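**Student:** requesting a structural model of the entry that follows:
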Amino acid sequence: MAAGCFYPALILSFLGGLWWMQAMVAGEQRWEPYVLAVVPSLAAWALLLPWTLGWNWPRPQLLTLALLLGLSPLVDYRLAKLIAVPVPVGWLRLRWVMAGGLSLLTLLLAFA
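**Tutor:** Residues are numbered from 1 along each chain as shown. Just a heads-up that it's a prediction; the model follows:
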């Protein structure tokens with residue numbers, strides 16, 4: 001169960017790193033994209049924190065992770081518009097498929 005919670009949290013944090021890189025590649029000077037890029041890591045950390053308090057059933061955390069992962073391609077879309085970083089053809093479609101798949105698996109685990 002812990003691995004099923006930590007993996008989507010890790011991926012969520014990784015996405016924030018990708019968003020930060022996109023802003024840097026674009027030479028973005030505004031602070032908004034960088035703040036947006038830090039949010040996934042902070043959210044993942046906050047969602048894993050209850051484990052350190054001895055909570056043993058991560059359903060709320062898994063549901064939240066599933067929601068954040070499922071919606072993460074919207075951030076990709078928004079960043080592509082906001083900072084005008086070209087993305088490879090098919091990138092957003094691939095992100096929807098991958099985020100949707102992991103989101104669905106995380107959701108299933110929440111109800112297992």
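**Student:** any regions of this protein where pLDDT drops low?
**Tutor:** Residues of the chain meeting the criterion pLDDT under 70: 57.
**Student:** what are the boundaries of the helices in it?
**Tutor:** 2-25, 32-52, 59-82, 91-110 (DSSP state H).
**Student:** what residues are up against L47?
**Tutor:** With CB atoms under 8 Å, 6 or more residues apart in numbering as the criterion, the residues that contact L47 are 5, 9, 61, 64-65. C-beta: built from backbone N, CA, C; applies to glycine.
**Student:** which residues touch P40?
**Tutor:** With contacts taken as CB under 8 Å, 6+ apart, P40 has the following neighbours: 12-13, 15-16, 19, 68, 72.
**Student:** mind listing what's buried in stretch 5-18?
**Tutor:** Neighbour-count burial for stretch 5-18, with 16 or more other CB atoms under 10 Å as criterion, is recorded at 5-6, 8-9, 11-13, 15-16, 18.
**Student:** now those in CSV, with distance to L42?
**Tutor:** Written out in CSV, the entries for these read as follows (distance: CB to CB, whole Å):
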residue, distance to L42
C5, 16
F6, 16
P8, 15
A9, 11
I11, 15
L12, 10
S13, 9
L15, 13
G16, 8
L18, 16
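**Student:** ok, these vs L49, which is closest?
**Tutor:** Top of the list for closeness to L49, among the buried residues of stretch 5-18 and by CB to CB, is A9 at 10.4 Å.
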